[in-house]
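In: just to be clear, the model below is a prediction. Sequence and coordinates:
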Protein chains: 2
Amino acid sequence: MKDCGTCPIQHRAVCSLCNRDELGKLEAIKYYRSYEAGQTVLWAGDQMGFVASVVTGIASLSQGMEDGRTQMVGLLLPSDFIGRPGRDTAPYDVVAVTNLTICAFRKKPFEELMLTTPSLASRLLEMTLDELDSAREWMLLLGRKTALEKISSLLTILASRDATLYKKATRNGMAFDLPLTREAMADYLGLTLETVSRQISGLKKAGVIHLEGKRRVVIPDMNQLMTKTGDDMDGGILV
Amino acid sequence: MKDCGTCPIQHRAVCSLCNRDELGKLEAIKYYRSYEAGQTVLWAGDQMGFVASVVTGIASLSQGMEDGRTQMVGLLLPSDFIGRPGRDTAPYDVVAVTNLTICAFRKKPFEELMLTTPSLASRLLEMTLDELDSAREWMLLLGRKTALEKISSLLTILASRDATLYKKATRNGMAFDLPLTREAMADYLGLTLETVSRQISGLKKAGVIHLEGKRRVVIPDMNQLMTKTGDDMDGGILV
DNA sequence: GGCCCGGTTTGATCCTGATCAAAGTAGCGC
DNA sequence: GCGCTACTTTGATCAGGATCAAACCGGGCC
């Protein structure tokens, strides 16, 4: 496994592109960049001179309407891809939700590399298809799930991603830090922050989760939470 | 321009893949297939031996929950792509909404062709990115728009697609046939069919649209309809 | 300590869209 | 024509979340 340079999580290949860069071709065109929580990485419509992969932290993609309503359309966790080969402006706002480090590649050379490296191109298609699948999964959530199901689904996803990231077991009890504010959760779920708060209180009262402070979530029984998502449970952990 | 074989719409390159197949490599592995309105092309989980492009008609992609709630996650119009290179089961139900003709390619040889034909691979990435963009556009609609805005957006999109398909002007008045039942519209918009019906009646009463029969929609002034979508209007016609 | 500030919780009320129910319409086969 | 079926419209009522409003933390900083 190739080390991703300054990658802060030891022994984990979080930069999913460098990780497969057997020939070291990406090495020459990559650089790291960091953002503080709350900083905007790109505004919708911005010129975009790079593509990138999230190394640590979380970024969000958001669409806004003129009257201020916003909808988060993607949550980028470590190893997720940012950017559009073949397009030159950002279609959405990209915001650092937590402190964020990305591994960026200059776009022009990256695109040239794609033409001569079929494995890179097919890896990218693969990743885009995955994103498409999760976008569509999210459409079901936004269109048809109740507030309770939405919250439960989000917690389940965050818990699973956190678990895979740190290689922890999920089945019997786990804990993780909520990286999102109530407002960010609301934006992602198509709810208001008050509703998010109320539903979380509900889950807490029901004993499905408990909170240590405002942000640390303890889930005594993962299955109990998953019951509330409305999803099929035998598919195992979703991502 | 290459003719797409039995393609029923004359002088139009609706099979977007054959259309660019300068070398005729796709010729050998393609075949046509037709479905009647209402027929299911693929069930979620089905083995999927082909990829395809819609030639005529409309297909839908739907996700279902066990309790019967369903959410349409994509509407495939002529030239849209069906299938997943690199995956072998269908992730969603694919249903023929109207009578449907597709141009299918056997998956194995198609994938091999992709490896040796960078232009095909990059075309596919392009198409997938487009799908991802429209999925995310739809997430904004599902999460944040009102019923009226949802209906208006759908009508606007259908009108625009219809216009490009038949090369008609959209700005000053147009008419087209609604290909979807109220129920299908509801599934797509995350509403109930009653709400869809009521909102359409509302638009009719307001003079924004009128109906000839149940299915033919006349839009005297496209701009008036677009005012109701909640979208930015200077971006021109969305697809 | 006291203060401020961002984030959170909780309460009261309102309203949009869901639900339940019934009637209307068009097409089609007989 | 009749009756059937699938689709649509309209009405009455309900409820899940939104909205408006206030109080409640928990830090950080003076």
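Out: Cool, the structure landed. Given the structure is predicted, the values throughout are model-derived calculations rather than measurements. Residues are numbered from 1 along each chain as shown, chains lettered A, B, ... in the order given.

In: the lengthiest helix in chain A vs DNA strand C: in contact?
Out: Counting residues, the longest helix in chain A under DSSP state H turns out to be helix A:118-144. No. Helix A:118-144 does not reach DNA strand C (Cβ under 7 Å from any atom of the strand); its nearest approach is 8.7 Å. C-beta: built from backbone N, CA, C; applies to glycine.

In: other SSEs contacting the next helix-or-strand element following that helix?
Out: Heading C-terminal from helix A:118-144, the first helix or strand you meet, by DSSP states H and E, is helix A:147-166. If you count contacts as 3 or more Cβ pairs under 8 Å, 6 or more residues apart in numbering or on different chains; DSSP states H and E, helix A:147-166 packs onto helix A:118-144, strand A:174-177, helix A:182-189, helix A:193-205, strand A:216-219, helix A:222-227.

In: coming back round to it: any residue of the longest helix of chain A touching DNA strand D?
Out: No. Helix A:118-144 stays clear of DNA strand D (Cβ under 7 Å from any atom of the strand), getting no nearer than 9.6 Å.

In: try stretch A:27-47
Out: No. Stretch A:27-47 does not reach DNA strand D (Cβ under 7 Å from any atom of the strand); its nearest approach is 12.9 Å.

In: quick one on the thing from earlier: flag every buried residue along the longest helix of chain A.
Out: Residues of helix A:118-144 classed as buried: A:120-125, A:127-129, A:131-144 (neighbour count, 16 or more other Cβ atoms under 10 Å in any protein chain shown).

In: which residue of chain A sits farthest from its center?
Out: Most distant from the centre of chain A: A:T116, at 29.2 Å, with distances by Cα atoms, centre = their mean.

In: what residues does chain A put near DNA strand C?
Out: A:181-183, A:193-194, A:196-198, A:200-201, A:211, A:214-215.

In: one step back: save the helices and strands packed on helix A:147-166 as CSV, and put in distance to B:T101 and mean pLDDT too.
Out: Below are the helices and strands packed on helix A:147-166 laid out as CSV (distance: least, Cβ to Cβ, whole Å; pLDDT from 0 to 100):
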stretch, distance to B:T101, mean pLDDT
helix A:118-144, 24, 92
strand A:174-177, 49, 90
helix A:182-189, 39, 98
helix A:193-205, 45, 97
strand A:216-219, 49, 93
helix A:222-227, 41, 94
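
In: so which of these gets nearest B:G74?
Out: Across these, B:G74 has its closest neighbour in helix A:118-144 (7.1 Å, Cβ to Cβ).

In: counting by contacts, list what that closest one packs against.
Out: Under the contact criterion of 3+ Cβ pairs under 8 Å, 6+ apart, helix A:118-144 touches strand A:70-76, strand A:81-82, helix A:107-116, helix A:147-166, strand B:59-64, strand B:70-76, helix B:107-116, helix B:118-144.

In: could I get the phi/psi values of A:L77?
Out: When read as degrees, to the nearest 10, the backbone of A:L77 gives phi -100, psi 170.

In: my read: it touches A:I58, true?
Out: Yes. With contact defined as Cβ atoms under 8 Å, A:L77 reaches A:I58; the gap is 5.8 Å.

In: show the pLDDT at A:D234.
Out: Per-residue confidence (pLDDT) for A:D234: 63.

In: A:D93 too?
Out: At A:D93, the model reports a pLDDT of 96.

In: could you give the number of residues near the closest residue to it other than its chain neighbours?
Out: Closest residue in space to A:D93, ignoring its immediate chain neighbours: A:S62 at 4.7 Å, by Cβ to Cβ, 6 or more residues apart in numbering or on different chains. By other Cβ atoms under 10 Å in any protein chain shown, the residues close to A:S62 number 20.

In: do A:S79 as well
Out: Residues near A:S79, counting by other Cβ under 10 Å: 19.

In: try A:I209
Out: A:I209 has 22 nearby residues by other Cβ under 10 Å.

In: how far away is the closest residue in space to it that isn't next to it in sequence from A:L141?
Out: With Cβ to Cβ, 6+ apart as the criterion, A:I209 has its nearest non-adjacent residue at 4.9 Å, and that residue is A:L203. Separation of A:L203 from A:L141 (Cβ to Cβ, to the nearest Å): 17 Å.

In: A:R84 too?
Out: 24 Å.

In: domain ranges for chain A?
Out: Domain segmentation of chain A under automatic domain parsing yields A:18-130, A:145-227.

In: surely A:L180 meets A:L193?
Out: No. Taking contacts as Cβ under 8 Å, A:L180 lies outside contact range of A:L193: 10.7 Å.

In: picking that back up, which stretch among the domains of chain A comes nearest B:T89?
Out: B:T89 sits nearest to domain A:18-130 of all the domains of chain A, at 13.0 Å, using Cβ to Cβ.

In: next, the distance between the ends of that closest one.
Out: End-to-end span of domain A:18-130 (Cα to Cα, to the nearest Å): 19 Å.

In: just give me how far it sits from the chain centre.
Out: On the basis of Cα atoms, centre = their mean, to the nearest Å, domain A:18-130 is displaced by 12 Å from the centre of the chain it belongs to.

In: show me what contacts the residue nearest to the spatial centre of chain A?
Out: In chain A, the C-alpha closest to the average C-alpha coordinate belongs to A:L76, at a distance of 2.7 Å (Cα atoms, centre = their mean). Counting by Cβ atoms under 8 Å, 6 or more residues apart in numbering or on different chains, A:L76 touches A:54, A:58-61, A:82, A:94.

In: before we move on, what about A:M185?
Out: A:151, A:154, A:191, A:193, A:196.

In: I figured the second one hits A:G190, correct?
Out: The one in question is A:L154. No. The pair A:L154 and A:G190 does not pass the contact test of Cβ under 8 Å, sitting 11.1 Å apart.

In: so which of those two has more stuff around it?
Out: The neighbour count for A:L154 versus A:G190, taken as other Cβ under 10 Å, is higher for A:G190 (24 against 20).

In: which one is that one nearest to, not counting chain neighbours?
Out: Counting by Cβ to Cβ, 6+ apart, the nearest residue to A:G190 once its immediate chain neighbours are dropped is B:G143, at 2.9 Å.

In: that neighbour and B:L77, how far apart?
Out: Using Cβ to Cβ, which is the criterion applied here, B:G143 is 23 Å from B:L77.

In: check A:R84 too.
Out: Going from A:R84 to B:L77 by Cβ to Cβ gives 23 Å.

In: likewise for A:G207?
Out: 48 Å.

In: neighbour count for these two, which is higher?
Out: Legend: neighbour count by other Cβ under 10 Å for A:G207 and B:L77, higher for B:L77 (20 against 10).

In: the closest residue to A:L189 other than its chain neighbours: neighbour count?
Out: Distances taken as Cβ to Cβ, 6+ apart put A:K150 closest to A:L189, at 4.3 Å, once the chain neighbours are dropped. The tally of other residues near A:K150 (other Cβ under 10 Å) stands at 27.
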